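**Student:** with the input below, show me the fold.
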Amino acid sequence: MAPVFIRNARILTLTGSLGVRRGAEMKSLGVIPLGEVLVGGDGKIADVGSRIENVPGDAQVIDAGGRVVMPGFVDCHTHLCWAGNRMDEWQAVLKGESYLDLLRKGGGMFTTVRAVREITRNQLAANLRARLDEVLRNGTTTVEIKSGYGLTLEPEIKMLRAIQRAAGEWQGTVAPTALLGRGIEGGNPEEFAKLVARDILPEVLREFPKIAVEAHCDSGAWTVEACVRLLEKARKHLPIRVSADQFTCTGMVPEAVRMRAACVAHLESTAKEQLLALAESPVVAVLTPITGLHLDQRFARGGYVAERGGAVAVATNCSPGTSPSCSMPLAIALAVRFCGLDAEEAIVAATVNPAYVLGLTDRGTIEPGKRADLLLLHHKDERALAYELGGNPVATVICGGKVAG
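**Tutor:** Numbering: from 1, shown residues only. Predicted coordinates:
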């Protein structure tokens with residue numbers, strides 16, 4: 001692989017304190033107003049600065065013309081692996097039905113569950129592979145993908161194998177998550193939760209020994225008690241993640257803090273005192289503002305968490321029912337408009353912090369030795385990421401040191 005040399009760029013290095021960025025640290029982008037980046041043939045950043053000497057003669061040269069170069073987006077919360085579509089249900093929502101109404105009638109996520117069970121693993125992987133290409137075109141070089149539309153063992157394993165297969169064919173990086181605590185199969189929620197913890201979790205762990213495990217606590221999903229039962233067992237061996245409070249303040253956030261989950265996502269209905277406790281903890285708040293735009297105009301108070309010294313990430317929550325978009329630029333723009341972040345905070349929340357959530361320390365900044373996942377924007381001012389709505393601000397994607405195309 002030939003080296004890549006980028007010159008005449010406004011570089012957002014995102015360098016700063018090690019680990020996740022919190023509070024005021026989220027406003028620092030480590031800008032080099034006019035500089036250069038050298039990517040080595042090993043796919044890693046070799047050098048960055050105002051001027052780089054000794055550029056290899058065989059390097060592919062990209063003249064940025066003063067435009068922004070920044071780390072690739074890291075989307076740390078998606079449901080990209082699915083089958084079927086939910087457009088009929090979307091029309092019902094437009095006519096006044098709520099998402100919870102659809103769930104009670106056996107629709108919502110259960111529509112997708114049935115479609116996933118009917119499709120083959122190869123078809124599921126092919127669908128996902130096509131979506132991953134779209135993800136990369138929008139500047140996302142690392143993406144988390146959940147199971148969760150299987151519910152029972154065989155379809156959950158099928159989803160995880162499909163994710164694994166598609167990931168192996170993609171230029172970027174996929175971080176899989178076993179979303180085992182989500183819907184309920186059968187009439188007794190507590191008994192089903194016990195079955196998942198007793199029977200499904202060990203089988204998933206056997207085939208995917210390092211995978212993260214997630215539970216979703218909300219109306220129409222699991223109770224606090226069921227989520228805690230699953231995650232307490234999972235965290236003995238695996239990283240854990242939580243989704244909570246999209247529709248109702250459940251009380252799951254304090255439990256996530258107690259268990260030191262990597263993150264809590266959604267948070268649209270979380271009480272202020274619980275957001276404060278989250279801000280004071282190591283747990284990252286993951287905002288999903290495209291969901292609020294598409295569903296019900298409710299948004300998490302991410303700015304409040306950041307102002308209180310917390311760590312915040314932004315994700316698309318790309319899914320067929322509640323967030324039909326894989327655009328991190330759109331998520332950034334909405335997080336600024338509706339979640340209380342400023343443009344700098346939203347950029348940190350789309351790069352460094354979600355990489356931390358996924359346990360990936362080799363990306364999210366532009367510094368020697370890091371994986372060369374880079375974006376060249378069409379713009380000379382990074383604030384355009386938050387200012388513009390729609391369209392794609394990404395001119396060129398470099399993923400693992402190779403220009404994507």
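**Student:** what bridges to residue 48?
**Tutor:** residue 37 (DSSP bridges).
**Student:** what helix or strand does residue 89 sit in?
**Tutor:** According to DSSP states H and E, residue 89 maps onto helix 87-94.
**Student:** scratch that, residue 361
**Tutor:** Counting by DSSP H and E, residue 361 is found in no helix or strand.
**Student:** please apply the same query to the one 3 residues further on.
**Tutor:** When elements are assigned from DSSP H and E, residue 364 belongs to no helix and no strand.
**Student:** tell me the contacts of it?
**Tutor:** Counting by C-beta atoms under 8 Å, 6 or more residues apart in numbering, residue 364 touches 14, 71, 74, 351, 352, 353, 354, 355, 356, 370. Where C-beta positions appear, they are placed from N, C-alpha and C, glycine not excepted.
**Student:** can you tell me how far the residue positioned nearest the centre of the chain sits from residue 9?
**Tutor:** Nearest to the mean C-alpha position of the chain, counting by C-alpha atoms, centre = their mean, stands residue 76 at 1.9 Å. When C-beta to C-beta, to the nearest Å is the yardstick, residue 76 and residue 9 sit 26 Å from each other.
**Student:** tell me what the helix holding residue 89 is packed against?
**Tutor:** Helix 87-94 is packed against helix 99-104, with contacts defined by 3 or more C-beta pairs under 8 Å, 6 or more residues apart in numbering; DSSP states H and E.
**Student:** same thing but 6 Å
**Tutor:** With contacts defined as 3 or more C-beta pairs under 6 Å, 6 or more residues apart in numbering; DSSP states H and E, helix 87-94 has no helix or strand neighbours.
**Student:** so for it, what gets flagged as buried?
**Tutor:** By 16 or more other C-beta atoms under 10 Å, the buried positions in helix 87-94 come out as 89, 90, 92, 93.
**Student:** same deal with stretch 194-207?
**Tutor:** Using 16+ other C-beta under 10 Å as the test for burial, stretch 194-207 gives 195, 196, 197, 200, 201, 204, 205.
**Student:** hmm, who's touching the helix or strand bottoming out on mean pLDDT in the chain?
**Tutor:** Among the helical and strand segments of the chain, the one scoring lowest on mean pLDDT, DSSP states H and E is helix 99-104, with a mean of 78. With contact meaning C-beta atoms under 6 Å, 6 or more residues apart in numbering, helix 99-104 is reached by 89, 108, 219, 220.
**Student:** residues contacting residue 399?
**Tutor:** Contacts of residue 399 (C-beta under 6 Å, 6+ apart): 141, 171, 172, 373.
**Student:** may I see those residues organised as TSV, with distance to residue 37 added?
**Tutor:** Shown next, in TSV, are these (distance: C-beta to C-beta, whole Å):
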residue	distance to residue 37
141	15
171	19
172	19
373	12
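**Student:** among these, which one has the most neighbours?
**Tutor:** residue 373 (31 neighbours; other C-beta atoms under 10 Å).
**Student:** I'd guessed it sits against residue 363; true?
**Tutor:** Yes - using C-beta atoms under 6 Å, residue 373 is in contact with residue 363, at 5.4 Å.
**Student:** can you map out the helices along the stretch 251-400 of the chain?
**Tutor:** Along the stretch 251-400 of the chain, counting by DSSP state H, counting those that start in this stretch, helices occupy 252-258, 272-279, 289-294, 302-307, 328-338, 343-349, 352-357, 384-387.
**Student:** and the contacts of helix 99-104, which of them are in helices?
**Tutor:** Using DSSP state H, the subset of the contacts of helix 99-104 located in helices is residue 89.
**Student:** any stretches of the protein with poor pLDDT?
**Tutor:** Of all residues in the chain, none has pLDDT under 70.
**Student:** what about residue 106, neighbour count?
**Tutor:** Residue 106 sits with 10 neighbouring residues when counted by other C-beta under 10 Å.
**Student:** for residue 112, see how far away it is.
**Tutor:** Going from residue 106 to residue 112 by C-beta to C-beta gives 12 Å.
**Student:** extract the C-alpha set from stretch 133-145 and format it as PDB.
**Tutor:** Extracted C-alpha coordinates of stretch 133-145, given in PDB (Å, rounded to 0.1, in the frame of the first residue of the first chain):
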ATOM      1  CA  ASP A 133     -20.800   1.000   1.700                       C
ATOM      2  CA  GLU A 134     -23.200   3.800   2.200                       C
ATOM      3  CA  VAL A 135     -21.900   4.300   5.800                       C
ATOM      4  CA  LEU A 136     -18.400   4.700   4.400                       C
ATOM      5  CA  ARG A 137     -19.400   7.200   1.800                       C
ATOM      6  CA  ASN A 138     -20.900   9.400   4.600                       C
ATOM      7  CA  GLY A 139     -17.500   9.400   6.400                       C
ATOM      8  CA  THR A 140     -18.100   6.700   9.000                       C
ATOM      9  CA  THR A 141     -15.000   4.400   9.200                       C
ATOM     10  CA  THR A 142     -15.900   2.600  12.400                       C
ATOM     11  CA  VAL A 143     -19.400   1.400  13.200                       C
ATOM     12  CA  GLU A 144     -21.000  -0.500  16.000                       C
ATOM     13  CA  ILE A 145     -23.800  -3.000  14.800                       C
END
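**Student:** buried set for that stretch?
**Tutor:** Buried residues in stretch 133-145, counted by 16+ other C-beta under 10 Å: 135, 136, 138, 139, 140, 141, 142, 143, 144, 145.
**Student:** nearest to residue 247 among those residues?
**Tutor:** Lowest distance from residue 247 to the buried residues of stretch 133-145 (C-beta to C-beta) belongs to residue 144, with 22.0 Å.
**Student:** name the SS class of that closest one, please.
**Tutor:** What DSSP: H, G, I helix; E, B strand; the rest coil gives for residue 144 is strand.
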